[in-house]
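Participant: With the input below, show me the fold.
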Amino acid sequence: MTDTDDGTVLLHGRTGRYWQLNTTGREVLRGLLAGRAPTELATMLAAAHGISAERAKADVKAVLGQLATAELMLP
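Facilitator: As a prediction, the model looks like this:
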């Protein structure tokens, strides 16, 4: 995992494929790695970015789905 100016790049150790997360994805991933729950992350995103709670929940769900699809985390 390496941070960039506009997000984070992840390397899948088994497949050798790279994945890029935008800044929101990076915030979600870092929060998960710190032990925060998805609902807590959504609340934090909503407050930090001035978006609705529903939008923040959808964003967190999308990031989780993409990480699971890429087999970078368990569903």
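Participant: For residue 51, list the residues it contacts.
Facilitator: Applying Cβ atoms under 8 Å, 6 or more residues apart in numbering to residue 51 gives the contacts 45, 59. C-beta here means a position set from N, CA and C on the backbone, and glycine is covered the same way.
Participant: phi, psi of it?
Facilitator: phi -110, psi 170 (degrees, to the nearest 10).
Participant: ok, it to residue 60 distance?
Facilitator: Counting by Cβ to Cβ, to the nearest Å, the gap from residue 51 to residue 60 is 11 Å.
Participant: hey, what's in contact with both of the two?
Facilitator: Residues touching both residue 51 and residue 60 (Cβ under 8 Å, 6+ apart) are residue 45.
Participant: Just name whatever secondary elements the longest helix seen in the chain is in contact with.
Facilitator: When the chain is parsed with DSSP state H, its longest helix is helix 53-69. Where contact means 3 or more Cβ pairs under 8 Å, 6 or more residues apart in numbering; DSSP states H and E, helix 53-69 is packed against helix 23-33, helix 38-49.
Participant: which one of those lies closest to residue 70?
Facilitator: Closest to residue 70 of the helices and strands packed on helix 53-69 is helix 23-33 (Cβ to Cβ; 11.2 Å).
Participant: which other residues reach the closest one?
Facilitator: Here helix 23-33 makes contact (Cβ under 8 Å, 6+ apart) with 1, 3, 6-8, 21, 38, 40-41, 44-45, 48-49, 59-60, 63-64, 66-67, 73.
Participant: Can you tell me, leaving aside adjacent residues, what's nearest to residue 71?
Facilitator: Excluding its sequence neighbours, the residue lying closest to residue 71 (Cβ to Cβ, 6 or more residues apart in numbering) is residue 12, at 6.8 Å.
Participant: who touches that neighbour in this structure?
Facilitator: For residue 12, the contact set (Cβ under 8 Å, 6+ apart) comprises 18, 19, 70, 71, 72.
Participant: Isn't the first one up against residue 9?
Facilitator: Yes - with contact defined as Cβ atoms under 8 Å, residue 18 reaches residue 9; the gap is 5.8 Å.
Participant: rewinding a little: and the longest helix of the chain, how far out from the chain's middle?
Facilitator: Helix 53-69 has its C-alpha centroid displaced from the chain centroid by 7 Å (Cα atoms, centre = their mean, to the nearest Å).
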